[in-house]
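*Asks:* Please find the sequence and the predicted model below.
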Amino acid sequence: MRQTQDVLEIQFFGYVTGATADRALADARERLAGGRPSYFLIDTIDVTGYSPDVRTPGVALLRALKSASLVAGFCIATSSPIRMIGAAVAFVAATPVTFVDSRRAALAQIERERTGVSRSLCG
């Protein structure tokens with residue numbers, strides 16, 4: 001996990017379990033307590049699979065990000081199954097997430113959000 005400028009970046013690798021997502025949640029809460037990013041970016045390009053128990057901590061992660069009043073959220077995902085679980089988790093968390101194919105595409109969209117009309121995660 002890293003924060004650059006106003007973007008909190010969360011990166012997952014390999015096979016993601018509920019414990020992995022729990023650690024990401026704890027790290028995100030710590031980062032959010034230390035400062036207020038405007039955007040989040042979840043990178044799943046290097047994810048090879050996931051266990052069913054990622055749903056609950058995944059929902060909690062997105063809700064924590066949403067409660068921080070971030071402007072927009074993005075997920076880098078090229079795998080259909082990863083996009084599917086991500087969309088389901090985002091739906092349950094009631095947190096809008098835009099799916100993109102690369103970090104470059106996400107950062108370009110964030111730049112457009114910064115310079116244009118922004119949409120708030122809080123509605």
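*Replies:* Structure's in. What do you need?

*Asks:* alpha carbons only for contacts and neighbour counts from here, please
*Replies:* Fine.

*Asks:* so what does the lengthiest strand in the chain touch, helix or strand wise?
*Replies:* Secondary structure assigned by DSSP state E gives strand 39-50 as the longest strand of the chain. When contacts are defined as 3 or more CA pairs under 8 Å, 6 or more residues apart in numbering; DSSP states H and E, strand 39-50 packs onto strand 7-16, strand 72-76, helix 103-115.

*Asks:* Swap in 7 Å and give it another go.
*Replies:* Secondary-structure packing of strand 39-50 (3 or more CA pairs under 7 Å, 6 or more residues apart in numbering; DSSP states H and E): strand 7-16, strand 72-76.

*Asks:* Pull out the buried positions in the first one.
*Replies:* With burial defined by 16 or more other CA atoms under 10 Å, the residues of strand 7-16 counted as buried are 7-12, 16.

*Asks:* just those residues now: which is nearest S67?
*Replies:* L8 (14.0 Å; CA to CA).

*Asks:* Which strand residues bridge the closest one?
*Replies:* Q3, F40 (DSSP bridges).

*Asks:* Where does pLDDT dip in the protein?
*Replies:* Residues of the chain meeting the criterion pLDDT under 70: 1-4, 117-123.

*Asks:* list the contacts for the residue nearest in space to the middle of it?
*Replies:* Residue closest to the mean C-alpha point of the chain, counted by CA atoms, centre = their mean, is I42 at 3.7 Å. I42 makes contact with 9-11, 74-76, according to CA atoms under 7 Å, 6 or more residues apart in numbering.

*Asks:* just those residues now: which is nearest R114?
*Replies:* Distances from R114 to these, taken by CA to CA, are shortest for F74, at 13.9 Å.

*Asks:* give me every residue that touches the closest one.
*Replies:* Contacts of F74 by CA under 7 Å, 6+ apart are 40-42, 97-99, 106.
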